[in-house]
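S.K.: Just to be clear, the model below is a prediction. Sequence and coordinates:
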Amino acid sequence: MNLQHSLPSLLTLVNALTGFACVCQLARGGSIETAAWLLVGAWILDMLDGPLARYLGVESRFGAALDSLADLVSFGVAPALFVARHSEPAALIYLAAVLLRLARFQVGAPGDHLVFQGLPSPAAAMLIAGWFLVFPELPVVVVSILLSFVMLSKIGYPDLPKHYLKGIRSRAELLLPLMLLIALGPARALLATFSCYCLLAPWLSGQVGKTRKV
């Protein structure tokens, strides 16, 4: 297998390893901030591997299976450990929700649709990471339980990058994430972005179109 065929899977593998580095950081009582940014790094890698595979024309069942396993580590176990700092029962509920969501993906119909059924686990993990970056001492129990239920719901959530890129009408809109980053700072921009996505995305999308069961 040449580099072109293996590059998306390598990104997915590094995603999982970055998530595990976050787990190790939390398990040994390391820096919460470092752990949260490692989780953000895993999310960035997760955002890149799928589009890269489609661009190179190397999508495969192996890549899809590896992606789900990486998601379990980076967006299941790692954020659950963040939650466990405040409540172990809430962390168990959160991890169970991610497991059930990934299982639903495995048995769901394949497709490249613009709307997901239920909140994607990477988005939930980013809200958890943003919460701990901005409010490291404020309990996240209620938020994590709500996220768990929304992940398993049938609420329509748009694929954020696809909807955003398709909806851009001007250069100002293209620069919106950068302006938000400068105005709020990285941590607050992260929390604000994913809080708005979790709360407003279903309403903004109108829950129109086919859903992808993930």
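M.R.: That came in fine, so what should we check first? The model shown is predicted, which means the values in this text are computed figures rather than measured ones.

S.K.: which of the residues in stretch 8-21 are buried?
M.R.: 8-9, 11-21 (16 or more other CB atoms under 10 Å). In this view, the C-beta of every residue, glycine as well, is placed from N, C-alpha and C.

S.K.: So which of the residues you listed are in helices?
M.R.: 8-9, 11-21 (DSSP state H).

S.K.: now, which of those residues sits nearest V83?
M.R.: G19 (14.9 Å; CB to CB).

S.K.: Please, which helix or strand holds the residue sitting nearest the centre point of the chain?
M.R.: In the chain, the residue lying closest to the centroid (CA atoms, centre = their mean) is P122, at 1.2 Å. Take DSSP states H and E as the rule and P122 turns out to sit in helix 121-134.

S.K.: Tell me which other helices or strands that helix touches.
M.R.: helix 32-56, helix 78-84, helix 88-107, helix 141-151, helix 186-205 (3 or more CB pairs under 8 Å, 6 or more residues apart in numbering; DSSP states H and E).

S.K.: Also compute the angle for that helix relative to helix 32-56, please.
M.R.: 150 degrees (axes from the mean of the first three to the mean of the last three CA atoms, to 10 degrees).

S.K.: can you list the residues that contact helix 121-134?
M.R.: With contact meaning CB atoms under 8 Å, 6 or more residues apart in numbering, helix 121-134 is reached by 32-33, 35-37, 39-40, 43, 46-47, 71, 74-76, 78-79, 82-83, 98, 101-102, 138, 140, 143-144, 147, 150-151, 157, 160, 187-188, 190-195, 197-198.

S.K.: Could I have the ChimeraX command that selects the buried members from the residues you listed?
M.R.: To isolate the buried members of these in ChimeraX, using 16+ other CB under 10 Å:
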select :32,35,36,37,39,40,43,46,71,74,75,76,78,79,82,83,98,101,102,140,143,144,147,150,151,157,160,187,190,191,193,194,197,198
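
S.K.: any low-confidence regions in this structure?
M.R.: 1-4, 108-114, 160-177, 204-214 (pLDDT under 70).

S.K.: Try it again at 80.
M.R.: 1-5, 105-115, 158-181, 200-214 (pLDDT under 80).

S.K.: the inter-axis angle of the helix holding P122 versus helix 141-151?
M.R.: 170 degrees.
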